[in-house]
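>>> sharing a model prediction with you, sequence too.
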Protein chains: 2
Amino acid sequence: MANPLLSDREIEFVLYELCDAEALCALPSFAEHSRETFDLFLAAARRLAREVLYPAYKPMDAEPPTFEHGRVKVHPLMKTIYPQLVALGLTAATRPYQVGGQQLPLAVSTLGTAYLMAANLSAYGYVGLTAGAAHLLEAFGDETLKRDYMTRLYAGEWTGTMALTEPRAGSSLSDVRTRATPTSGGHYLLKGSKIFISGADQDLTENVVHLTLARIDGAPAGIKGVSLFCVPSRRLVDGRLQPNDVQVAGVIHKIGWRGLPSLALELGTDDDCHGWLVGEPHKGISYMFQMMNEARIMVGMNGVATASVAYHEAVAYAQVRTQGRSLRSRDPAQPQVPLVEHADVRRMLLRCKAIVEGGLALLATTARYSDLATSAASPEERHRAALLLDLLTPVAKSFPAEKGFEANALALQIHGGYGYSSEFLPEAWLRDQKLNSIHEGTTGIHSMDLLGRKVTVEGGAALRLFGEEIAQAVERARAAGVAAEWGAALHASFGVVAQLTATLGKKAAAGDVEGMMLHSADYLELFSILAVGWQWLRAATLAHGREEDFYRGKLQAAQYWFATEVPRVAQLAALCERGDDSYARMKPEWF
Amino acid sequence: MANPLLSDREIEFVLYELCDAEALCALPSFAEHSRETFDLFLAAARRLAREVLYPAYKPMDAEPPTFEHGRVKVHPLMKTIYPQLVALGLTAATRPYQVGGQQLPLAVSTLGTAYLMAANLSAYGYVGLTAGAAHLLEAFGDETLKRDYMTRLYAGEWTGTMALTEPRAGSSLSDVRTRATPTSGGHYLLKGSKIFISGADQDLTENVVHLTLARIDGAPAGIKGVSLFCVPSRRLVDGRLQPNDVQVAGVIHKIGWRGLPSLALELGTDDDCHGWLVGEPHKGISYMFQMMNEARIMVGMNGVATASVAYHEAVAYAQVRTQGRSLRSRDPAQPQVPLVEHADVRRMLLRCKAIVEGGLALLATTARYSDLATSAASPEERHRAALLLDLLTPVAKSFPAEKGFEANALALQIHGGYGYSSEFLPEAWLRDQKLNSIHEGTTGIHSMDLLGRKVTVEGGAALRLFGEEIAQAVERARAAGVAAEWGAALHASFGVVAQLTATLGKKAAAGDVEGMMLHSADYLELFSILAVGWQWLRAATLAHGREEDFYRGKLQAAQYWFATEVPRVAQLAALCERGDDSYARMKPEWF
C-alpha cells in the first residue's frame, strides 16, 4: 500500500472531533462553508498530494533546480505540479472572496496543506511563499500594489518570496543593510544583497515578486528603521514586464527541500532596482510580525507533515519486514517475526505517533485560535484567541521541528541498514526536517520569544487563559471517565509552569534578565510537553470507552505521553528553578 | 585556523592524566613502550589525519566510489592515502610483534585512530576493517590461513571485510543462510548472498579477504550452526591469484561514509567460491563475539570522533560569526557580537563538549580495561577488567552514537542557515554519525545486551565492580575537594541503578522477561548518563583548583553534566520501576 502521508481518519478526528470545525461555520466569515465544502477541499488536497506531488518527491530531491546563465531552471515535474496547486486555490485558501480567496478557516486549510507538505515540501513551498507575499500586500499595500502585484500573486500568475535575510543579518533582522533611496517617481531604488531566499527565481512563471526588507536612506538604526518593499524581478512598465536589476548571485546547495531553490540575490547592481514601499516607512518589521503567526504555523505543519510521512513509512515497514524472534520463543526453526512484534520497535513507533499526532492536534488548535482571533463574534473573544494564538505559536513552530526531527531519526533507525541508504526515503525526510529548527526563527529565538514575551505579555494574561483551557480539558476528561491521574498530572504540570514563570519573572523584575532567560530552551521544552499533553488529554477524552482500533491507538499514545513525557515538566522546571550557570559562566577561551 | 579534529591537550589529558597510560608500560606486554613511543604514534596519526585525510574528506564525500563492469573504483585520493595508513602500522597497531604489530595498548591506539576517524571515517575504514579481519585469523585460523592471508592483511597488502549480514539476516545473525559444502580438497564451496559489506571491493590492492559467516551443510539451525570462513575475492593457487567466484552484485548508496563502498556480494554464482573454515565448525558466532568488544569500541570512537570534529567546527564558527546583541545592550549602533556571546549558543556548545569529551573519556577507559583484560599481571585482574570491559562496551558503543548524533545536530544548528547547506561540513558529519546507531548492533540490541546480559552475568559481578570504580572516583573527588554534591549525586545514582537492576532482575526470575526488558532503552540511557557522569567526576577531580583555561572548561562541563543530566538517572529509573506498558500492549493494527 502506498504511503498515506497522513491518515484520513486522523485528519477527520482532529478537524471535527477535536477542533469542532463545523462550529466555525456559525461565524459570519465562514458562513458560506460547511463540512461538505471543507471535505471537498481536503479531498482535493489529498488527491493532488498522493497522485501528483508524492510521486514527484524523489525525482525532485535527486535533481535540484539548475542555475545557468543567471537563471534558475526548476525540475520539469514542477511545471505540471504548479498549475495544479494554483488550481486548488492554495495561494489564497484562507483569503476573502473579494481578493479571489476561498475564505476557508486556517484550521481547515492547514490540514489540507499538510498532505501537500508531507508529499513534497518543496513543491508546496512555491505556493506557500506566494500566499505569504500576497497576504502582506493585501494587508499593507496600497491599491496600486494590490492591483499590479497582489492580484497576480493570488492568481498564481507570478510567485512571491520573503526577502528578509542578508549575509550578516539572519536571526538579527535589525541589521538589515539593503538600502532604499527615494526617487521623484514614487518608487525607491534598492541596493543590497539578500541570501537564503527560497524560490527567488524559477522558470514556472514570468515574474517573481520579492517582499523585501530594506532601510530608507537616513532611517534610524535598528529594527525601527527597516521598511518593507515590493521588489519584482521584472517590473511593469506600461503594462509590460522589463528587467528590474534583480540578479541571482548564486544557489545555496541545501541538504533538503531540494526541489525549491534557495538563492542569493543582488539588488541594484546597475542602480536600477525599483521597489515600492509597502505601507508606511520604518514599519517593515512590525508588518512582518503581523504575518508571522501564520508563517510559523506553516513551518510547524511542515515539521508535523515531514514526521508524519516518515512515521507511516516506518509503520508499514515494521509490519512487513521480519527480523529476529520474540524474547520468549527464540526457536530458529520458526520463521522470523515482523519488526513490530519487538517491544522496542513498538516503543519507537508509539513515540513517533505521540509526536506526530500530538503535534498535529496542537497545530490545528493553534490555527483555530488564529481563525477566532480574526473572525470570532466579539472583540473579547477575538482578543482572547489572539493571546492564545501568540502564546502557542512558538511552541507550535518549534515542537514539530525538534521532536519531529527525533521522530524522523527513529523512522530511519527502524529501517536499519536500509534506512541509511538513499534508496529508501526516511533519510530524505530527515534532511528535510532539519531546516524547520532554523528558518522562520531558530528554536533558540522561539524559546526567548515564549519566555521573554509571550508568557509575560499583559501581566501574564495569555498564560492565565491557557490555564483556563487546560482546566476545561481536565474537567472534560474527568467527566468522560478518563484515567484520573492524567488529568491530575496535567493540572499539576500547569501549576508548576505557572509557578516557574512567576519565579523567573521576578528575576527579570529584579534586573536579572539573563537569569530569567538562562533556561529558555528548557522552558520551551517543558512548555511544549505540557501543551502536547493537553492535546493528548483532549484526544483521550474523545477516545475513552471506544473500541475501534483508531481510538485504542489514541489511548495508548496518550498513556505513553503521560507516563514518559509529562513527568519531565516538573523535572525540567526544577532545573530551571535551581538554575545551572555552567554555560552562563563559560568563557569562549575555555572551550 | 584549521579544524584540529580533536584537541591535542584533550588527548594528552585523557591518556596520561585520566587513564595513566604510562602505568601500562609496567606490564610485560607493553614493556617496550613508554610515553615517548606513545607520543610518536599519536603525533604521526594526527599529522596524517590533519595533512592527508582531512583535506580528502569533502572530495571523497562528494564523489563516492563508482561501480562499473562488476568492479569498484574508489576515489583517486584513496590511492595516496591508503599506503600511508598502512605505513603508520594501523592494520596491526595493537597486535604482537611476532605478527608484525606494534603491540600498543588499545587505549593508546584508539586515541590515535580517533584523529583519523575525525578526519575521514571512510578512509580509516579500509584499514580498520582489515585489522579486524586479520585479528580473527590470528586468533582462530590455522597456520596456513595465517601464512597465506593474515600476514598479507596485517601488511596491508590486501584488505579485509566482515561478511556477516544477509538480505534477511541483519540484526538476527542466527538466520544466516549462506551455505558451505565441504569438499575433499580441504576447502568448502560457498553459496549465498551478503549485503552491506563495507569495503568488499576496491582498486587499492589486488585482493580482498572476506571473513564470512556461513552454514555448513547439515549444520544445526540457529546461531549454533553458523561457522566462520575465510573467503578471498581472489584465491591463491600455486602462489598466484585467480578469481574465486565472488561477485559484486550492487552498490548501496549510503548517506554517509561515502568514501567507503557498501556492497552486495554474491558468493558461488558459478559454484566455484572456495572458502576455508576458520577454527572449528559451528563456532563462527562465538568467534565473532570474541572480537566484538574491539569492534564496538571502534564504532564508539567513530561516534566520538565524528561529534568531535563537528564540535570544534562549531566552536570556531561561534567565535567568529557575529549575529545579534546581548540581552542587556541591544543598541543597534553597536556592532553585532559573536554567536558565542549568546548564552543559548554557549549552552549548545557546552552540551556538545560534555558529550564529546565525556564520550572520549569513557572510550579510553573502556579500551584500558581491554588492555588489562588481555595483559594485566594476574588472572584475577584480567577477569576483573574483562567483566568491566564487557559491561561498558554496549554503553561505549551506543552513547556516542545517540548523543553524538544530537551533538552533530547542534553543531549544524549553530551554523544556522549555512549549516543547512552542503557548502559547510556539519551536515556531512551528521550523515556520517547516523550509521553508528545501526551498524555493529543497533542501539536497541545493545540496550538488551546491557540489561539482559551484562549487568546480570555472574550474579551481577560486573555491576558490583562498576560500583567499586564509582566509589573510588567519589572518594578521590572528595579528597581533592571537588564539589561534594557531585560525588554524592554519583554515589546515589549508582545506588538507584543497582536497586533498579535488582528489581528488574526479580521480574525475570519470576518469569516476566518481557517486563524486565520493557524499558531496556531507558535503562541504557540512564546507565550511560551514570557512566559518563563517572568520567566527568574523574575529570573534575583532576581539574579542581587549576587555573588554566583547559581545566576551567572541564569544570564547567562537569557542572553542566551534574546539573542537567545526572538528575535524569533517578527520573528514568522511576519510569523503569513504575513500568509503562503503553507500547507493550499496543497492537500493530492500532498504529
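Good, I have the coordinates. Residues are numbered from 1 along each chain as shown, chains lettered A, B, ... in the order given.
>>> how about stretch A:241-258 as CSV, C-alpha atoms only?
What follows is stretch A:241-258 as a C-alpha-only set of coordinates in CSV (Å, rounded to 0.1, in the frame of the first residue of the first chain):
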residue,chain,number,x,y,z
LEU,A,241,7.5,43.5,-18.0
GLN,A,242,11.0,44.6,-18.1
PRO,A,243,14.1,43.6,-16.1
ASN,A,244,14.3,45.2,-12.7
ASP,A,245,18.0,44.8,-11.9
VAL,A,246,17.5,41.8,-9.5
GLN,A,247,20.3,39.3,-10.2
VAL,A,248,20.6,35.8,-8.9
ALA,A,249,24.1,35.8,-7.5
GLY,A,250,24.2,32.1,-6.6
VAL,A,251,22.4,29.0,-5.5
ILE,A,252,22.8,27.6,-2.0
HIS,A,253,23.0,23.8,-2.0
LYS,A,254,20.5,23.0,0.7
ILE,A,255,20.6,19.5,2.1
GLY,A,256,16.8,19.1,2.0
TRP,A,257,13.8,20.9,0.4
ARG,A,258,15.9,20.3,-2.7
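>>> so how far is that stretch from its chain's centroid?
23 Å (CA atoms, centre = their mean, to the nearest Å).
>>> over to stretch A:228-245?
30 Å.
>>> same for the lengthiest strand in chain A, what does it pack against?
Criterion DSSP state E: the longest strand present in chain A is strand A:188-198. With contacts taken as 3 or more CB pairs under 8 Å, 6 or more residues apart in numbering or on different chains; DSSP states H and E, strand A:188-198 sits against strand A:159-163, strand A:179-182, strand A:208-216, strand A:227-232, strand A:246-252, strand A:262-267, strand A:274-278. Heads up, the C-betas are built off the backbone N, CA and C, glycines and all.
>>> quick one: buried residues of stretch A:568-584?
A:Arg568, A:Val569, A:Ala570, A:Gln571, A:Leu572, A:Ala573, A:Leu575, A:Cys576, A:Asp580, A:Ser582, A:Tyr583, A:Ala584 (16 or more other CB atoms under 10 Å in any protein chain shown).
>>> run the contact check for that stretch versus chain B.
Yes - using CB under 8 Å from any CB of the partner chain, stretch A:568-584 reaches chain B at A:Arg568, A:Gln571, A:Ala574, A:Leu575, A:Arg578, A:Asp580, A:Ser582, A:Tyr583, A:Ala584.
>>> residues making contact with that stretch?
Stretch A:568-584 is contacted by residues A:492-493, A:496-497, A:499-500, A:503-504, A:514-515, A:518-519, A:522-523, A:525-526, A:529-530, A:533, B:343, B:346-347, B:349-350, B:556-557, B:559-560, B:563-564, B:567-568, B:571 when judged by CB atoms under 8 Å, 6 or more residues apart in numbering or on different chains.
>>> re earlier: in its sheet, what does the longest strand of chain A sit against?
According to DSSP bridges, strand A:188-198 forms sheet pairs with strand A:179-182 (antiparallel), strand A:262-267 (antiparallel), strand A:274-278 (antiparallel).
>>> just checking, what packs against the helix or strand harbouring A:Leu389?
Following DSSP states H and E, the helix or strand that holds A:Leu389 is helix A:379-414. On a contact count with 3+ CB pairs under 8 Å, 6+ apart, helix A:379-414 meets helix A:284-320, helix A:343-375, helix A:416-419, helix A:426-434, helix A:443-449, helix A:457-480, helix A:520-543.
>>> which one of the ones you listed lies closest to A:Pro394?
Nearest of the helices and strands packed on helix A:379-414 to A:Pro394, taken as CB to CB: helix A:443-449 at 3.9 Å.
>>> any residue of the closest one up close to chain B?
Yes - with CB under 8 Å from any CB as the measure, helix A:443-449 is seen reaching chain B through A:Thr443, A:Gly444, A:Ser447, A:Met448.
>>> helices or strands up against that helix?
helix A:379-414, helix A:520-543, helix B:343-375.
>>> ok, which of those helices comes nearest B:Gly545?
B:Gly545 lies closest, by CB to CB, to one member of the helices and strands packed on helix A:443-449: helix B:343-375, at 19.1 Å.
>>> on that earlier part again, mind putting the strands paired with strand A:188-198 in a markdown table, mean pLDDT, distance to A:Leu137 and mean neighbour count included?
Shown next, in a markdown table, are the strands paired with strand A:188-198 (pLDDT from 0 to 100; distance: least, CB to CB, whole Å; neighbours: other CB atoms under 10 Å in any protein chain shown):
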| stretch | mean pLDDT | distance to A:Leu137 | mean neighbour count |
| --- | --- | --- | --- |
| strand A:179-182 | 98 | 17 | 20 |
| strand A:262-267 | 98 | 18 | 24 |
| strand A:274-278 | 98 | 7 | 23 |
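>>> for A:Leu435, which of those is the nearest?
For the strands paired with strand A:188-198, proximity to A:Leu435 was assessed by CB to CB; strand A:262-267 is nearest, at 9.4 Å.
>>> excluding its backbone neighbours, what's nearest A:Trp80?
Trp isn't right for residue A:80; it's Thr. Counting by CB to CB, 6 or more residues apart in numbering or on different chains, A:Thr80 lies nearest to A:Val52, which is 7.4 Å off, once chain neighbours are set aside.
>>> wait, doesn't that neighbour sit right on A:Tyr82?
No - counting by CB atoms under 8 Å, A:Val52 sits too far from A:Tyr82 to count as a contact (10.5 Å).
>>> in stretch A:444-455, what counts as buried?
So, applying 16+ other CB under 10 Å, buried residues of stretch A:444-455: A:Gly444, A:Ile445, A:His446, A:Ser447, A:Met448, A:Asp449, A:Leu450, A:Leu451, A:Gly452, A:Lys454, A:Val455.
>>> I figured the third one hits A:Pro394, correct?
Yes - applying CB under 8 Å, one finds A:His446 in contact with A:Pro394, separated by 3.9 Å.
>>> model confidence score at A:Arg328, please.
If you check A:Arg328, the pLDDT there is 83.
>>> how many neighbours does the nearest residue to it once chain neighbours are set aside have?
Counting by CB to CB, 6+ apart, A:Arg328 lies nearest to B:Val513, which is 6.8 Å off, once chain neighbours are set aside. Applying other CB atoms under 10 Å in any protein chain shown, we find 15 residues neighbouring B:Val513.
>>> swap in A:Asp271?
Using other CB under 10 Å: A:Asp271 sits among 10 other residues.
>>> same thing with A:Ser329?
Using other CB under 10 Å, A:Ser329 has 8 other residues around it.
>>> did I read that right, it in a strand?
No - secondary structure assignment places A:Ser329 outside any strand; it is coil (DSSP: H, G, I helix; E, B strand; the rest coil).
>>> how close does it get to A:Gln319?
In this view, A:Ser329 and A:Gln319 are 19 Å apart by CB to CB, to the nearest Å.
>>> please apply the same query to A:Thr110.
Counting by CB to CB, the gap from A:Thr110 to A:Gln319 is 29 Å.
>>> same drill for those two, tell me which one is more crowded.
A:Thr110 (29 against 16).
>>> what secondary structure does the more buried one sit in?
At A:Thr110 the chain is in helix, as set by three-state DSSP.
>>> pretty sure it sits against A:Ile297.
Yes - under the criterion of CB under 8 Å, A:Thr110 makes contact with A:Ile297 at 6.2 Å.
>>> show me which residues of the stretch 101-250 of chain A sit near chain B.
Residues of the stretch 101-250 of chain A lying close to chain B (CB under 8 Å from any CB) are A:Thr165, A:Arg168, A:Gly170, A:Ser171, A:Ser172, A:Ser174, A:Asp175, A:Ile195, A:Phe196, A:Ala221, A:Gly222, A:Ile223.
>>> which one is the residue sitting furthest away from the middle of chain A nearest to, not counting chain neighbours?
The outermost residue of chain A, judged against the average C-alpha position, is A:Ala333 (49.5 Å), by CA atoms, centre = their mean. Nearest residue to A:Ala333, sequence neighbours excluded (CB to CB, 6+ apart): B:Ala221, at 5.1 Å.
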